[in-house]
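1. how would this look folded up:
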Amino acid sequence: MVFCARPLIKEDSIRGLIMNAERIYWLALNKVKGIGAVRFRALLDAFGSAQNAWQADSQALREAGLNQIVIDHLLQVRQELNLTHITADLEERQINVLTWEDSAYPRRLRELDQSPPVLYVRGDLLPEDEWAVAVVGTRRVTAYGRQVAEELGAFLAQNGITLVSGLARGVDIISHQAALNAGGRSIAVMAHGLDQVYPAEHRHVAEEIATRGALVSDYALGTPPDSTNFPPRNRIISGLSLAVVIIEAGKESGALITAGFAAEQGREVFALPGNIYAPQSKGCNLLIQRGAHPLLHFEELLEALNLEMMGEHKVARVALPADATEAKLFGLLGVEPLHVNEIGALAELPIEQVSSTLALMELKGLVRQVGGMNYVAARELHGEYSTDSKG
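-> Numbers count the residues shown, from 1 in each chain. You can find the predicted model right below:
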């Protein structure tokens, strides 16, 4: 099934985004079993590019730190893979690709240790998706859990907050649908390639998410929904979000894995308290005992995350430079990242003034921090504003 999704970056064609040679090798390496974030980074450090790593011989790969099992996997994929087919499949399904090298790669995810080197996206990831909350929980949801998931999904949508979940049965699909029904945005993080939907009965919701949000995965096309894929993908659910809300979870629930990732990533964790005898509430009650916020009122979630002023935040994002300092810094930035110290030197301004001004400009959506105190201009504004400012 092919979804009619809009381009992720409107000024770039899908072909222009994915067809350059280096990006193809990122996609190829991402298909090799055993090459995750740590090994991917080691290969880039050792060889300087994904293309060089892909074409390296066994000895060089071994010296770069790969063990023989991973080397054998790489050599097998290299022998079997038709690189042209990778890009053709992505174009046919209107799936975009983001790598660590792309300024549009989600900022919150980029800042994590071991963020996925490659993200496959069907639909739109928008700047306002930085204000996102994950809602996850049991597949065997009770009437109580269903009511809370529905009301919370609608509440988040009504407050301009993107809902992130995993499209699974139970809490996930209920909260996705509630956010969409309320006119909000939703992101579904998949544990398989985006050429399929699991479970199959959620295809219609997946299609709606693709047109009013995004389907996201770090798994290459063709990857099946194997049970081992689900726990690792949960780190992306929490990584994209400001907080994770657990609505009903057993003591062995996968939702608790998401809560664990959230805690490691410095995200807030909320859990719905429940009946001490109910199996679906044992995990949530345990999380609360260990320090998670009890979800008693939805407004407390906004207060804890400082999201009560969402309307003002969104108005600020569409503003243009408000004074000469902002205009000067904005004029120095483009699509290539610049470190804050370099920006200060070029602007001939004190670093404290540059840092505080950039922080305000980031809130307005004028600039984006892409990790390590490096900044780029917002792609959707830079061309128009820089042209006008020269007139």
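
2. got phi/psi on the most centrally placed residue in the chain?
-> In the chain, the residue lying closest to the centroid (C-alpha atoms, centre = their mean) is residue 240, at 4.4 Å. The phi and psi values for residue 240, taken as degrees, to the nearest 10, are phi -80, psi -10.

3. list the helices and strands whichever strand or helix holds residue 280 packs on?
-> Assigned by DSSP states H and E, residue 280 belongs to helix 279-289. In terms of contacts (3 or more C-beta pairs under 8 Å, 6 or more residues apart in numbering; DSSP states H and E), helix 279-289 is packed against strand 243-247, helix 254-264, strand 268-271. C-beta coordinates here come from the backbone N, C-alpha and C atoms, glycine included.

4. worst mean pLDDT among these?
-> Mean pLDDT is lowest for helix 254-264 among the helices and strands packed on helix 279-289, at a mean of 86.

5. show me what it is packed against.
-> In terms of contacts (3+ C-beta pairs under 8 Å, 6+ apart), helix 254-264 is packed against strand 132-137, helix 230-239, strand 243-247, strand 268-271, helix 279-289.

6. the third one pairs with which strands?
-> Sheet neighbours of strand 243-247, with direction, are listed as strand 132-137 (parallel), strand 268-271 (parallel) (DSSP bridges).

7. what inclination does it have with respect to helix 279-289?
-> Angle of strand 243-247 versus helix 279-289, following axes from the mean of the first three to the mean of the last three C-alpha atoms, to 10 degrees, is 140 degrees.

8. distance-wise, check residue 365 relative to residue 267.
-> Between residue 365 and residue 267 the computed distance is 22 Å (C-beta to C-beta, to the nearest Å).

9. ok, now residue 303?
-> Taken as C-beta to C-beta, the span from residue 303 to residue 267 is 16 Å.

10. the more surrounded of these two?
-> Between residue 303 and residue 267, counted using other C-beta atoms under 10 Å, residue 267 has the larger neighbour count: 21 against 11.

11. might you report the residue contacts of that one?
-> 238, 241, 242, 243, 244 (C-beta atoms under 8 Å, 6 or more residues apart in numbering).

12. repeat that for residue 40.
-> By C-beta under 8 Å, 6+ apart, residue 40 lies in contact with 29, 30, 117.

13. give me the element it is part of.
-> Taking DSSP H and E as the definition, residue 40 sits inside helix 37-47.

14. can you get me the start-to-end distance on stretch 74-89?
-> Stretch 74-89 has an end-to-end distance of 21 Å (C-alpha to C-alpha, to the nearest Å).

15. before we move on, the earlier item: same list, the helices and strands packed on helix 279-289, but as TSV with distance to residue 148 please.
-> What follows is those, written out as TSV (distance: least, C-beta to C-beta, whole Å):
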stretch	distance to residue 148
strand 243-247	5
helix 254-264	14
strand 268-271	11
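
16. the ones you listed: which one's closest to residue 97?
-> Evaluated over the helices and strands packed on helix 279-289, closeness to residue 97 peaks at helix 254-264, with 23.3 Å, by C-beta to C-beta.

17. distance between the closest one and the chain's centre?
-> Chain-centre distance of helix 254-264: 16 Å, with C-alpha atoms, centre = their mean, to the nearest Å.

18. any weak-confidence spans in the stretch 251-391 of the chain?
-> 308-322, 379-391 (pLDDT under 70).

19. show the pLDDT at residue 15.
-> Confidence score, pLDDT, at residue 15: 38.

20. okay, now residue 120: neighbour count?
-> Neighbours of residue 120 (other C-beta under 10 Å): 25.

21. go on, residue 349?
-> Counted with other C-beta under 10 Å, residue 349 comes out at 15.

22. what about it, is that helix, strand or coil?
-> With DSSP: H, G, I helix; E, B strand; the rest coil as the basis, residue 349 sits in coil.

23. report the contact partners of it.
-> 325, 328.

24. again with residue 272
-> By C-beta under 8 Å, 6+ apart, the neighbours of residue 272 are 137, 145, 148, 245, 246, 247, 248, 281, 284, 294, 295.

25. of the residues you listed, buried ones?
-> 137, 145, 148, 245, 246, 247, 248, 281, 284, 295 (16 or more other C-beta atoms under 10 Å).

26. the nearest residue to residue 298 once chain neighbours are set aside and residue 247, how far apart?
-> Spatial nearest neighbour of residue 298, excluding adjacent residues (C-beta to C-beta, 6 or more residues apart in numbering): residue 155 at 4.7 Å. Going from residue 155 to residue 247 by C-beta to C-beta gives 12 Å.

27. picking that back up, same list (the contacts of residue 267) but as a markdown table, adding distance to residue 325 and neighbour count.
-> Formatted as a markdown table, those follow (distance: C-beta to C-beta, whole Å; neighbours: other C-beta atoms under 10 Å):
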| residue | distance to residue 325 | neighbour count |
| --- | --- | --- |
| 238 | 36 | 29 |
| 241 | 32 | 32 |
| 242 | 29 | 22 |
| 243 | 33 | 20 |
| 244 | 37 | 29 |
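
28. farthest-separated two in those residues?
-> Using C-beta to C-beta, those reach their maximum pairwise distance at 238 and 242, which is 9.8 Å.

29. ok, which stretches of the stretch 1-150 of the chain are strands?
-> Along the stretch 1-150 of the chain, the segments classed as strands by DSSP state E, counting those that start in this stretch run 96-99, 118-123, 132-137.
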